[in-house]
Structure formats: structure tokens, C-alpha cells
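Visitor: Next come a sequence and a model predicted from it.
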Number of protein chains: 2
Amino acid sequence: MTALVLIILGGLCAVAYGILTINDVLRRDAGTPRMQEIAGAIAEGAQAYLRRQYATIAIVGLVLFVALAYFLGLKVGIGFLIGAVLSGAAGFIGMNVSVRANVRTAQAASTSLGGGLDVAFKSGAVTGMFVAGLALLGVALYYAYLTRIAGLSPASRDVIDALVALGFGASLISIFARLGGGIFTKGADVGGDLVGKVEAGIPEDDPRNPATIADNVGDNVGDCAGMAADLFETYAVTVVATMVLAAIFFSGQTDVSGRNVLETMLLYPLAIGSACILTSIAGTYAVRLGANQSIMGALYKGLITAGLLSVLAIAGVNYALFGGLSTAFTTNAGVTFTSGALLGCAVIGLVITALIVVITEYYTGTNFRPVKSIADASVTGHGTNVIQGLAISLESTALPALVIVAGIISTYSLAGLFGIAIAVTAMLALAGFIVALDAFGPVTDNAGGIAEMAGLPPDVRKSTDALDAVGNTTKAVTKGYAIGSAGLGALVLFAAYTSDLNYFIANASPTQYRFFQGVTVDFSLSNPYVVVGLLLGGLIPFLFGGMAMTAVGRAAGAVVEEVRRQFREKPGIMQGTDRPDYGRAVDMLTRAAIKEMIVPSLLPVLSPIVLFFVIQPIAGKSQAFATVGAMLLGVIITGLYVAVSMTSGGGAWDNAKKYIEDGHHGGKGSEAHKAAVTGDTVGDPYKDTAGPAVNPAIKITNIIALLLLAVLAHS
Amino acid sequence: MTALVLIILGGLCAVAYGILTINDVLRRDAGTPRMQEIAGAIAEGAQAYLRRQYATIAIVGLVLFVALAYFLGLKVGIGFLIGAVLSGAAGFIGMNVSVRANVRTAQAASTSLGGGLDVAFKSGAVTGMFVAGLALLGVALYYAYLTRIAGLSPASRDVIDALVALGFGASLISIFARLGGGIFTKGADVGGDLVGKVEAGIPEDDPRNPATIADNVGDNVGDCAGMAADLFETYAVTVVATMVLAAIFFSGQTDVSGRNVLETMLLYPLAIGSACILTSIAGTYAVRLGANQSIMGALYKGLITAGLLSVLAIAGVNYALFGGLSTAFTTNAGVTFTSGALLGCAVIGLVITALIVVITEYYTGTNFRPVKSIADASVTGHGTNVIQGLAISLESTALPALVIVAGIISTYSLAGLFGIAIAVTAMLALAGFIVALDAFGPVTDNAGGIAEMAGLPPDVRKSTDALDAVGNTTKAVTKGYAIGSAGLGALVLFAAYTSDLNYFIANASPTQYRFFQGVTVDFSLSNPYVVVGLLLGGLIPFLFGGMAMTAVGRAAGAVVEEVRRQFREKPGIMQGTDRPDYGRAVDMLTRAAIKEMIVPSLLPVLSPIVLFFVIQPIAGKSQAFATVGAMLLGVIITGLYVAVSMTSGGGAWDNAKKYIEDGHHGGKGSEAHKAAVTGDTVGDPYKDTAGPAVNPAIKITNIIALLLLAVLAHS
């Protein structure tokens, strides 16, 4: 009991840090009335979007709640609601701070770079801590309620189903938020640029462009609220999947001193999460601009601090829960390992995080070959820029894949499947800090926009630009992390699917799990239905990515139409005598994004269900389970590559443009720059819509499959 | 014996058809001396390239021959040589006809469209029939030698290994020819366009552009010789893999009348191939321009004729070999089916071919939504054109994947794994006709170039343009077919790998197959090493694609430099007073392409070997076999999607440009057209280098794994 209380206290620390930091940020100077007016418009637009998005999701969510409660019981339905509501809350709170911090960052940057960094990063940290804190609290408190108050056995199906449903709730918010937000932000960005920069010849963030507020709104709803929902989901789902594995692997075990091993193992992932919240908070205090004024350096100082402290903290957790590093365990599947091996897995998880950060920076940083090669290729035109960008995007998948493979092999060697799960848990335990890095991006981006629109002196813009450039890199890095952890997390989910399935089959009788009687699943690659599942799973990220790209194209087209209409109907806008109607652009885009997000979101949700019920009449239950299982793995395999190639490639295109703008190959306005702008435009939906949305698509397919098992078990 | 003789006679028919048709084509009027001069330069460049390419491959091939002969015996080495030499011969002969038919097509088109079509298609048919004929003859004659003259048992490992080596020889030529040819042709195309159209402002195929001959050479070495090698390989490898499966499934069986079932089953794929050569030849005679002057219609008439006759012919084969449709068989693995079910599988293979042709035409034809949507997106600029093109390229994978999945499920239900193999065999049996459709493309493309360079009257160019436009579609269609069949063929190879492995394990003893003693391979998806193999296999097409794109970029850059140098040093070129040095551009590009093809080609060749020897010390033999097996499937899964998305997307971009050039969205010279040119440039290496080269990469990984098993079995 004490351990669980301590875990919950850790989660509460995150929330407390968040509240205190919100107060700190809001106390800062909000700048001139003009700045506040602009920020107010952004905030209003962002809130309007999020309200409409949540209203739409609420309808879907309500239907699913009723369905889950009907099929699986009220506790499962409530688990779903908790996941959905907390995920939504993390995004909502984070975004609301973000849209207030932007103007304060612009104001602080007008006195010093360090001041701007401080406000922006703190604002990001609020989102980060709410994501990690609420995710941990949601799982831990509901688990405490179910096992301590409702009196359910920790290994019971009711607890597992309720926690899986919690993950599903988070997944649902995540896929809609990622897609909807991504379509909004890139529709505004691409559409606004096309009609503003290209047609009207006015710079980015020029207040005469009616889409400019929408563009800034997009940064918040996409990169802040969207990323928050994504990592909330990965966090919750991974912890839940690890607990599901623990329930299967350690059910019924007691150790030499008579303690319940299962209970300890269920608490272990939660304890890692709780401990790393404290180290993440410590990391935020290490973010300080040094004498060299390196913003990236300041952020890295924080990340390294958080990472190193986490190693110590997890070691401490091991001592507290297992009494040391040499306690031996044997899973019900017969795998033996020590508590030290589990610590090793956790450290490997942290090392994977570090390596993915470094690799992503290599592929998206302006100092290295990939970005320079795209900039070089821009000299010979639009076509060669795009060819080289695609080449880099394809190539960039190799090193992350090798890191992930090395992680799988090493952690599996140390502690079997549970070792892989612990590694991902440790990787995600740093989510609080990593999300802070990401949520820092939209704040600085907005700060630059506000400085531009409010006509602040050029040196303010220079400071916000410096912050913004770093924000681009951290956004890319976070996406690499999100995808790497999602890929590994999905493997844990897949392991949960197969373990769950085996459990139902082994315990099937005429009185319980009737559906699974006589089922024997052949997951071997030589079973053609496994190949079919792998192929169809592999299709999902491609088709989903194509749909997302098309949606952005359509949304951007709608923005172009709207801006053209405003220019036509109000000729005074271009002369500066008339004000554009920013609200209409935001409104139009909100409707477009919400409409466009529905169909692609349903693809990963419905695929496993449809597949099961198509294969069952053709080849029977056993093959249907095999096909769905293989689909889960298929979606991970292509999803990882599609997502990494899109996010890294997009980041590289973006920074190749910045590299040219820094004065290479003729600088701004040169032919090379025009080609680089094309590449950046292509990269936008790649890196901010399709690529990141593949993450939740991977996981939602897996979690739906787990729920399908639960529903069939109840039938 | 009679059956085998008849099969060989069928193969000889293809060769005889080829020789007669060559004579027919060469008898045509070769046009004016200027035309002949241009065609001579193209022919010279193409031959020089192919000589150098073959010389390079010969070095690699010789090393491999010695290695194979040393490890696996001379018969295996000779099998390898046969595959390599015949594949090279098919490409060489086809290309030599192609570079002579181009000028004759231009000349014939100056009198009538039908005349041009006749020459171009016949030239393509020569390549097609040599591909199908030599592939069939190679396998059938070597099989006849091994079993009838050398006296080996048809089911013996020596026969299987020798035939697999034959497939490997074909694979080796294929990957080099596809990549080298692809890099050459798109380096010339992209580089020539950049410096000619964009910088110098001269039209495509303008004789003042020093890269123009290289561009025409590229069409022949890439689309003709490269595609020929690709389909020769798929054909040979699929037939061999089907025979390997037959050897495992029917070894030791005799039917009620005492006949050797294995012998019949080994001959069945060869007989299908032989019969369909005759129907393909019949199909070529059905290609006639109707009253509506529809070129595509004329080609479809031929394809439909060949397809329908093939159904009858394969039914005839079933009656001849099995005595009807109701003969029952049971494989050694316990799967039961009738000869009628096998006919059903073959028909499904033909239906898959038809569906893939229709789907590819939908995604790349100018009459349908995908191409029109890219053309529409071009109006708002380069960026939106590329975004929409990428969206279509991702989306275009869905329907082919569903068709392939339906094919797998239906054929597997009818006759198990052997049913899948027979379906692919039937699909490939039409290769003679399909290659004819493809090899028609470069001839018409060249004919247009020659007409332009020789200053023929505009109406000739109009005829050749009409032929060329159809050539673009047929090229895309053939690529869809090549990838679909390669994907299914690779599944058969994978089945051969698992069956072979099981055979070695089952028969391992201290005296034979020692290496496999105690090996138990767990191919289950819940084995993390299987996940590792799937992930690493999945990486290959991405990394390989990235390398191929980069190589084209570099080769194109070299062309730009060379052309700029010539313009600088010979200012008379642009005034038309001085002649460009076409030969140097060809020569430079030849060197670049040969150099660039080496490293990417080694990736799929070395990956399974390296993986095996990395995993073995970490996790033991059994897991190493599982990991390599999973890699084979991983490469198929992502390879299928990467290849289809690249070839369909590239085709769609190309035709979106043509659609605009036909007068939509402002036509030639409009801003939309410029954006469409960018998309076309991006699509070039997508559809003609990286995408198609993924085919042989998929298969070579699989066939190397089979050879690895053979080598380990001998150790």
C-alpha cells in the first residue's frame, strides 16, 4: 500500500509543478495591448477549435462508452472515460498555457534571450508534466480503486479490461487530436504560405494575411495539444500493456517472504513513472542558458540531467520494490531473470531515447550531411530538392531501426518480453521532460508571429527566431522519440494480445470464454493467413498516410479560396486600411479539419474488427485470430518506417530551407530558396500531419484488438 | 519424356518467333541518313553501356561462380552461369532490336500510325518472347540434363540447388541491370531536363542538348534491358521455387497407375509456361489498330486474346498431364486438392494480372481521379503538386494489396501453398506478352526523339507522341504487374525457404546436414527474433530506395556539370554551329551508373548472410534461421508497398504533366505546367529507378537465403 501511495504522490508532484508553473508563467508581463490583442485572437481560435474537436470526439466517445459498458461492464466503460477525459484535459490545459505563454515569451525576449527561453520552456514543461502526471495518476488511481476499494484481484480480467479501456480512451483522443490538429495546422500553414508568400508576395506572419492567426492557432492545436494527446496515449497504453503482461507472467506467484510477486510487478512500471516525474522536474531546473548563449545546449543540459538522475531513481525503485538487484524471478512462461536485469532493461530504454535524439538531430540539424545535401540539391531546382529530400527521408529510417532492433535483442536477452516492456516504460517515463521540449516549439513559433504582427523591433524577432529554430529541432527530436517509443510500445501491446489470447484459449470451457473453445492459433510465418495479416497491417500506415496528405491538401485549398475571397472583397486589406477577418479563416479551417479527421481515424479503428469478421467465415476463428494478430505486427513494421521517414524527412526539408535562409546558396529570395520552400511545403504535412498521426494509428489498431478479445471472451 | 520435349518445343517457338520477328523489323525502312546517324549514336551508346555493365557484373559473377562451384559443386555453379548468361542474353538481344526498331518506328509513323505501332510492338514482342523463351528453356533444358542425362533424381538436393542457383544467376543480372539501367536513364533524363529545359530553355530531345542521346540510350538500357532482366528473373525464380515446392510436397509419391507424381508436378509449371508462350504469340497477332485508331485498344485486344487463350491452354495442360480436372493429390504436408483446383489457381493468377493492369491504369491514366487530382493541385504550385502526388502514391498501394491478399486466400483455400505457387506461375506465364507491352515503350520514346532531332515534319511527331503516351501507360502497367508477381513470387520463395529448412532439420544426422542437428525454428510472431527479422527485412526496401534516389540525384548532378561544361567550352552548340559531344555525356553517365549501382545492389545480397552470422553467436542457430526467415517476409511486406507506391505515384505524376500539356489548367508554359514538371522530375527516379529495383531486391534476399541453407547443409 505504501508503494502505491508514494507512486500517486509522485503523480501529484507533477500536477503541483504544473499549477505552480502556470502561475509563474501567467505572472509575466503580457506586453503591449496590440500584442495582447493578437494573442487573444490566437487563444480564442485555439479554444474554439479544441471545443469543436472535443465536441465531435465526445459524440464518438459516448457511443463507445455505451458499447463498452454494455459489452464489458461499467468499470470498463469508466476506464475508457478516465483515459479520454484525462488525455483531453492534459491537451486542453497545456494548450491554454501555451496560448498565454506565447505573448509573454515575445515580451520577455525583448529584454533577453534567456528570459524568452525561460517563459517558453516553462510553458512547455506545464504541458509535459500534466501529460506524464495525469497519465500516471489515471492508471494508478483507477488501479488503486479497482484493487483496493472495489476489491478486485489484481490479476482479474476485470482489472485488465478496465485498464486496457483506459488506454483505449487515451488512444481515441490521440488519433483525433493528432489528425485533426495536424490537418488544421498544416492546412493553415501550407494554404497561408501559398496565397500569402507566393501569390500576394507578403512575408510569413504578415498581419495582412487573413490566414496568419489560423497558422498560429494551428501550432498550438497541432504541436501542443496533438503531441500531448499522442504522448499521453503512448504513456498510458505502454504502462497498461506492461501491467497486462505482468498480470499474465506473475499471476499467482508469491516470493520467499510470502509477498505477492504479481502486486510488486504491477507496481514496478508505475513506480518507474513516478520516480522519473521527479527527475524530469529536476531536469527542468537544469535548463539554463550558459555563457555561450546556446539554447539547444541549455535544453540538452536539462535532458541529460533528467536522464542521468533517472538511472539513479530507477535503481532506487529497484531497491525499494525488490530489495536489491539480485532478486530472481521466473515468469509463468518460464523465463528467469533478476531485478538487476530489469534495471538493465530500463537503462537500455533510456539509452535508446538518447540515441534516437542524437540520430534525429543528425538527420534534421543544419550542421550535418543530410540537411546540407538537400540544400545543395536545391541549387538545381525544385525537382532535385524533392528527390534528395525523399532520399534522405527513406535513408533516415535505418539507424533508428537498428537502435530499436538492438534494444529488442538486448532487453529480450536480459529479461524476455517483460524486459522489452520495462525498457519502453523507462523510455516513456521521461515523457514529462520530452513533451516539455516539444511544447516549447509552438510557444516560440507563436512568439515570433506575435512579434512580427505587433511590429516589435527587429532584434526581438531575432531572439524569437533563434528560439524558433531550436523549436524546429526539438519538435523533430520529440517526434523521433514518440515514434520509437510507440513502435516499441506497440510490440508490448502485441505481446499482450498474444498472451491474452493464449490465456483465453487455455482457460476456455463451456462456462467461461466459450468463444475460445477449440481455438488453436498458428502465428507461424508459414501460415498464409499470417502473411495476409502482415500485408493488410502493413497497408494501414500507407493508406492512412495517403488519406492524411490528401486531407491537408484539401484543407489548404480551402484556405487559399478563403484568403483569395477576402482579398477580393476587401481590397483595403493589402493596403493596410482594412482588417482581414481572421476568425472566418479559423472557423472555416476548424470545420474542414474536423470533417477531414473522421474517415482516416476510422481506418485503424475498424480494420482489425472488420478483418476478424471477414476471415472468420472464410477460414474459421483460429485463422481469424492469427490474421488479426499478424495485422498488429504488420502495422508496426511499416508504420515505424513510414512515420520515421515522414517526420525526419520533413524536418530535414524544413531546416534545409532555414540553412539557405542563413545565407547559403544565395540566401533568401534566390532560386535555391524557392526550391527549398517547395521542399518545406512538401515536408509540412509529412512531418506534422501524416507522420505523427501514424503513431496513434499503430497503437489504436493494437488496443482495439485487445478489446476485441475482451468482448469475444464475454460473449 | 514426351511432355518435356513438348515443353522445350514451346520454348523454342518463342525463340523462333523472336528470330523471325527480328528479321521482319530489320527489313523495314530505316529512314533518312540523318535519322540513321542519330539512331546509330543511340545504338552505339546503349551497346557501350551494356558492355561495360556486363563486364562489371562478369567480375562479380565469376567470383560467385567459383564460390558456388566450390561450396555446392560444379552443377550448381553451372546453373548459376546459365541463369546469368541467358538473362543477360535476353536483355542484350532485346535492346539491340529496340535500338534498331526506334528509327524504323519513326519512319513507319511518317506514313501511318498503324505502321508505327506495328514496328514498335513487334520490336517489343522480340524482347518479350526472348525473355519468356530463354527463361523457360534455361530451366527446362537444365532440368532435362540433370535428370535425364546426368541421371540425378528429380527430388535430389543437387537438382534443387542447381535450379535455385540458376534463379540466383538471373537475380544477380536483374538487380544490377535494374539499378544500373535505372540510374543511367533517370540521371540522363533528370539532368538533361534540368540543364536543357530549365537552364538553357530548349525543348526535350533538342539536338543541341549534349545529354539528349544519353537520354534516349537510357530508355533502352533501363526500360528495355532492365525490365527484361527483371522479368526473366521473376519468371525463372518463380518456376524454380514452384519446382522446389513440388519436390518437397510430392517426393516419393506414385499414383494409382504407378506413375511418378513428383515428375508430373515438376513438369506442370514448365508446361504452363510453354503453353502460354504459344498463347502469347497468338496474342501478338491480335494487336491491330481498329477503326477508332485507339492504340491502347489495340494492345488490350492482344492482351485479352492472350489471356483468354491461356485459360484454354492451361486447361489443356491439365488434361494432358493429369488426365482431367478431378484427379486428387495429397502433398507430403497433408494438403489435399484436385487437378481442377490447380486449374482454378492458375485462372486466379490470370485474373490477378487483369485486375492489377486495370488498377494501375486507373492510378496512372489521364482519364481518372488520381492523375486529375495531381493536375488540379499543380495550379496552386510545386509544393501542392508534390503533396498530392505523394498522397496518391501512398493511396495507390491499397487496391493491389487487396487483390494480392484475395489471391493468396483463394488459391491457398483451393490447393494450399502449391496453389499459390501455381497462381504466380500462371501470372508469369504471360510475361512474354507483358514484356512486349513494356519494351514497346522505349522504342516509341526513342522514335519521338529521333523524329525531333532529325527535324521530321510535325505530324510524324504527333504520331510518335500518341504512341509514346500509350507507352507511358503500358510501362506503368507492366511495373505494377512485375511488382505484384514479384511479391507473390517472393512468397513462394519464402515457402521454399521454410520447407527447405524443415527438410534439412528433419533429415539432419551426424552424416548429413550436420549443421541442422538440434535446430528447432520458431517462426511464431511471438518470438522477438521474428519481430527483429521482420523489422530488418522491412528496412531493406526503404534504405535501398533511399540509396537509389540519392544515386540518381548524383548522376543527374554529374550530367548537369558535363552539359554546362560543353555549353561553356563550345559556345557554338547553342547557335547550332557546333555539334555537342554526345559520346562524352554517355560515357560519363555509364561510369557514374556502374559505380553507383554497386553498393545498393550489395545491400539485399549481403543482408541475410550478415544477419545470420550476427544472430547466430548472440542467440544460436535456431534463432538465426528464424530471424533470416522473418527478414525474407519483412522485405516482401514493405517492398510491395514501397515499390507500388513509387511506380504508381511516378506514373501518375508523369501523366498529370501530360494532362496539363494537353491543354488543361493553362497548358504548356503555364505555372501549373511548371509545377507539374517538378512532379514529373520527382516521379522519374521513383518510377524508373528506385521502385522497379525494389523487385529484384525482394527476390534476391529470398534466393540468397535459400542458397545459404544449401551452403550450410553442405558444411
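Guide: Now that the structure is in, tell me what you want to look at. Given the structure is predicted, the values throughout are model-derived calculations rather than measurements.
Visitor: who in the stretch 51-200 of chain A is up against chain B?
Guide: Within the stretch 51-200 of chain A, the positions near chain B by CB under 8 Å from any CB of the partner chain are A:Val190, A:Leu194, A:Val198. Just so you know, the C-beta spots here come from the backbone N, C-alpha and C atoms, and that holds for glycine as well.
Visitor: Closest to A:Phe337 out of these?
Guide: A:Phe337 has its nearest neighbour among these in A:Val190, at 49.9 Å by CB to CB.
Visitor: so the closest one touches A:Gly557, yeah?
Guide: No - in this structure, A:Val190 is not within contact of A:Gly557 by CB atoms under 8 Å, at 9.1 Å.
Visitor: list the residues that contact both of these two?
Guide: Residues within reach of A:Val190 and of A:Gly557 at once, by CB atoms under 8 Å, 6 or more residues apart in numbering or on different chains, are B:Thr384.
Visitor: Just the residues of the stretch 51-200 of chain A next to chain B: which are in helices?
Guide: Counted as lying in helices by DSSP state H, out of those, are A:Val190.
Visitor: got the residues of the stretch 51-200 of chain A next to chain B as JSON lines, with distance to A:Gly222, neighbour count and pLDDT columns?
Guide: Listed next are these as JSON lines, based on distance: CB to CB, whole Å; neighbours: other CB atoms under 10 Å in any protein chain shown; pLDDT from 0 to 100:
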{"residue": "A:Val190", "distance to A:Gly222": "12", "neighbour count": "31", "pLDDT": "89"}
{"residue": "A:Leu194", "distance to A:Gly222": "18", "neighbour count": "22", "pLDDT": "82"}
{"residue": "A:Val198", "distance to A:Gly222": "22", "neighbour count": "18", "pLDDT": "72"}
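Visitor: Find the closest residue to chain B in the stretch 201-350 of chain A.
Guide: A:Ala333 (9.8 Å; CB to the nearest CB).
Visitor: Please report the distance of A:Leu325 from A:Val317.
Guide: 11 Å (CB to CB, to the nearest Å).
Visitor: neighbour-wise, which of those two wins?
Guide: The residue with more neighbours, out of A:Leu325 and A:Val317, is A:Val317; 27 against 15, by other CB atoms under 10 Å in any protein chain shown.
Visitor: Which strands and helices lie in contact with whichever helix or strand that one is part of?
Guide: A:Val317 belongs to helix A:295-322 when elements are defined using DSSP states H and E. Under the contact criterion of 3 or more CB pairs under 8 Å, 6 or more residues apart in numbering or on different chains; DSSP states H and E, helix A:295-322 touches helix A:113-144, helix A:261-285, helix A:339-364, helix A:398-429, helix A:431-453, helix A:458-506.
Visitor: now check the helix or strand that comes right after the longest one, is it near chain B?
Guide: Where DSSP H and E defines the elements, the next helix or strand beyond helix A:458-506 is helix A:528-569. Yes - residues of helix A:528-569 contacting chain B under CB under 8 Å from any CB: A:528-532, A:534-536, A:538-539, A:542-543, A:545-547, A:549-550, A:552-553, A:556-557, A:560.
Visitor: and helix A:528-569, average pLDDT?
Guide: Computed over helix A:528-569, the mean pLDDT rounds to 93.
Visitor: Run the angle between that helix and helix B:458-506 for me.
Guide: On the basis of axes from the mean of the first three to the mean of the last three CA atoms, to 10 degrees, helix A:528-569 is oriented at 140 degrees to helix B:458-506.
Visitor: and the angle from helix A:528-569 to helix B:398-429?
Guide: 130 degrees.
Visitor: Which strands or helices does the helix or strand just after helix A:528-569 pack on?
Guide: Counting by DSSP H and E, the element after helix A:528-569 in chain order, helix or strand, is helix A:572-575. Judged by 3+ CB pairs under 8 Å, 6+ apart, the packing partners of helix A:572-575 are helix A:528-569.
Visitor: Can you read off the pLDDT for the nearest residue to A:Ile359 once chain neighbours are set aside?
Guide: Nearest non-adjacent residue to A:Ile359, counting by CB to CB, 6 or more residues apart in numbering or on different chains: A:Leu399, 4.6 Å away. A:Leu399 is assigned a predicted lDDT (pLDDT) of 96.
Visitor: Can you give me the neighbour number for A:Leu399?
Guide: Using other CB under 10 Å, A:Leu399 is surrounded by 19 other residues.
Visitor: before we move on, back to that, just curious, which of the residues of the stretch 51-200 of chain A next to chain B is nearest to B:Phe418?
Guide: Of those, the one sitting nearest to B:Phe418 (CB to CB) turns out to be A:Val190, at 51.2 Å.
Visitor: I'd like the distance between the nearest residue to the closest one once chain neighbours are set aside and B:Pro528.
Guide: Among residues not flanking A:Val190 along the chain, A:Ala556 sits closest, at 4.0 Å (CB to CB, 6+ apart). Remark: distance between A:Ala556 and B:Pro528 (CB to CB) = 42 Å.
Visitor: so A:Arg100 makes contact with A:Ala39?
Guide: Yes - using CB under 8 Å, A:Arg100 makes contact with A:Ala39 at a distance of 7.2 Å.
Visitor: any common contacting residues for the two?
Guide: With contacts defined as CB under 8 Å, 6+ apart, the residues shared by A:Arg100 and A:Ala39 are A:Ala30.
Visitor: Counting neighbours, go ahead and name the busier of those two.
Guide: More crowded of A:Arg100 and A:Ala39, by other CB under 10 Å: A:Ala39, with 27 against 22.
Visitor: Contact partners for the more buried one?
Guide: A:Ala30, A:Gly31, A:Val99, A:Arg100, A:Asn102, A:Val103, A:Asn446, A:Ile450.
Visitor: Show me those residues that map onto helices.
Guide: Per DSSP H, these map to helices at A:Val99, A:Arg100, A:Asn102, A:Val103, A:Asn446, A:Ile450.
Visitor: just those now: which is nearest chain B?
Guide: Nearest to chain B among these, with distances taken as CB to the nearest CB, is A:Asn446, at 23.0 Å.
Visitor: need the contact list for the nearest residue to that closest one once chain neighbours are set aside.
Guide: Nearest in space to A:Asn446, with sequence neighbours left out and distances taken as CB to CB, 6+ apart, is A:Asn102 at 3.4 Å. Listed by CB under 8 Å, 6+ apart, the contact set of A:Asn102 reads A:Ala39, A:Ile42, A:Asn216, A:Asn220, A:Pro442, A:Val443, A:Asn446, A:Ala447, A:Gly449, A:Ile450.
Visitor: Would you confirm that A:Gly177 contacts A:Glu233?
Guide: Residue A:177: Ala, not Gly. No - between A:Ala177 and A:Glu233 there is no contact under CB under 8 Å: 9.1 Å.
Visitor: Compare neighbour counts for those two and give me the winner.
Guide: Neighbour totals were compared for A:Ala177 and A:Glu233, and A:Glu233 leads with 33 against 30 (other CB under 10 Å).
Visitor: quick one: is the helix or strand hosting the more buried one near chain B?
Guide: A:Glu233 belongs to helix A:227-250 when elements are defined using DSSP H and E. No - contact of helix A:227-250 with chain B (CB under 8 Å from any CB) is absent, the minimum separation being 11.8 Å.
Visitor: Next up, phi/psi of A:Phe329, please.
Guide: phi -130, psi 150 (degrees, to the nearest 10).
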